[in-house]
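>>> Quick one, structure for this:
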Amino acid sequence: MSDTTTPASWRRWSIAVMLFLAAVLNYVDRTVLSILAPTIQADLGIDDTGYSRINNAFLVAYTASYVVSGRLLDRFGGTLSMAGFLAFWSLANAVTGFAGNVVQLGAARFMLGLGEAGGWTASPKIVGRWFSPRERGFVVGLYTAGGTVGATIAPLLALWLAGRYGWQWAFIATGVAGFAWLVPWFLLAPRDTVPDAATDALARPTWREVLAQRVVWLLLVARLLTDGVWYFIQQWFPKYLAAERGVAQQDLGIMWLVYLAADVGLIGGGILSGWLVSRGTRPEGARLMLMTAAAGIVPLAAVIPLVESRDAALTVAMVVALGHAIWLTNLTSLAIDAIPPRLLATSFGVIAAGSGLGGIAMNTLVADTVQRHSYAPCFLAAAVLHPLAIAVLLGGLARRGR
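The predicted structure is shown next:
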């Protein structure tokens, strides 16, 4: 971290803050729809199947963009790519406010997905470039916590904007806010050294190199299995509270408690793994220890439909969110530790595509299950996925080390 191309310490930590703020914007923009879903569905005549398809439009684009965005990062560098991704998704979010039917709303969310995935691909590359292994867990936790801070802010902000100006302005205002982020980003973030034409072919990883890494496939499967749990909490838990716990839409701001618990898990999980590294634990070992602990927490999801009170259900959901957050911070840090820097952007895009695939499967199955039965089987399914994922991951990494 002492080479001449490394920016001053204050500037590096300014980059970390900007990544945090980008994640806040990312999750505000994606969460507004789930908070205002009852109003929007009634206004535009959209049933739960249509709502599921709109979310899947976002996730299909999100998944495809993960793979493509890694290649763009290798070509244009982290600074310029992050700015481009954020500007694109902010515009798409603002356009959502002009949607007048299910097709237009789905198209706007598709465009949002294309842009938002790039932010999550760019951030690990930037962290891997400018921060040491001891610092990475905290920085990953910090910027990932930005997502849950955004999701915490979104219910309060969306309900206020929608109540005062109409649901359309909740999208327009939050989309426009993204463009203000670009000014300090260009002032603070150092420019990446992008390969020139003579060395570009050598610098860019090939798909064969990326896909030959066992860890890429293992982490892809881990995200495929577990990210659906987080999408379920974001996109369907507010609807569950309204449908089965009698929470009125104007009171869905209580979701901020779930996101607050996730913030604690994200930052705390990063700090704990960094502390273990500072005490001599290998980075990969530290991340896996925390992920194993998290996989023991998330199965409490099965309890949510069984408790009697709304407050008890909310409390258990907070614990589940905390566990998944610890898992996600350390999974991302593990990818940065285990994958060579030259391969990281493209590799992380492939890994993160598992997130979108898991979300698509979750949306489809949840919509069908809720309409045919209830939410209870969904919570039961959420309880088994993290233990399954850690078993696959530990077994696969053990075979890699032989």
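
>>> contacts, neighbours, all on C-alpha from now
Fine.

>>> how much space between residue 351 and residue 108?
25 Å (C-alpha to C-alpha, to the nearest Å).

>>> could you pull out the helices for the stretch 251-400 of the chain?
Using DSSP state H, counting those that start in this stretch, the helices found in the stretch 251-400 of the chain span residues 256-278, 283-297, 310-338, 341-372, 376-400.

>>> quick one: average pLDDT of the longest one?
Mean pLDDT, computed over helix 341-372, is 85.

>>> ditto for the third one
Mean per-residue pLDDT for helix 310-338: 93.

>>> And for the shortest one?
In this model, helix 283-297 carries a mean pLDDT of 94.

>>> Now tabulate the helices of the stretch 251-400 of the chain in a markdown table and tack on mean neighbour count and distance to residue 129.
Shown next, in a markdown table, are the helices of the stretch 251-400 of the chain (neighbours: other C-alpha atoms under 10 Å; distance: least, C-alpha to C-alpha, whole Å):
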| stretch | mean neighbour count | distance to residue 129 |
| --- | --- | --- |
| helix 256-278 | 23 | 17 |
| helix 283-297 | 21 | 16 |
| helix 310-338 | 23 | 10 |
| helix 341-372 | 22 | 8 |
| helix 376-400 | 17 | 25 |
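
>>> Now do the helices in the stretch 101-250 of the chain.
Using DSSP H, counting those that start in this stretch, helices in the stretch 101-250 of the chain cover 102-130, 133-165, 167-188, 197-203, 207-211, 214-235, 237-244.

>>> Of all the helices of the stretch 251-400 of the chain, which one is nearest residue 46?
Closest to residue 46 of those is helix 341-372 (C-alpha to C-alpha; 13.1 Å).

>>> on that earlier part again, the helices of the stretch 251-400 of the chain: which one's closest to residue 95?
helix 341-372 (22.3 Å).

>>> And that closest one, what does it pack against?
Applying 3 or more C-alpha pairs under 8 Å, 6 or more residues apart in numbering; DSSP states H and E, one finds that helix 341-372 makes contact with helix 48-76, helix 102-130, helix 207-211, helix 214-235, helix 310-338, helix 376-400.

>>> Mind checking the ones you listed for the one nearest to residue 180?
Comparing the helices and strands packed on helix 341-372 under C-alpha to C-alpha, the one sitting nearest is helix 102-130, at 16.0 Å.

>>> residues of that closest one that come out buried?
102, 105-128, 130 (16 or more other C-alpha atoms under 10 Å).

>>> Show me what that helix is packed against.
helix 9-44, helix 48-76, helix 78-96, helix 133-165, helix 310-338, helix 341-372.

>>> Report the mean per-residue pLDDT for the third one.
Think helix 78-96. 92.
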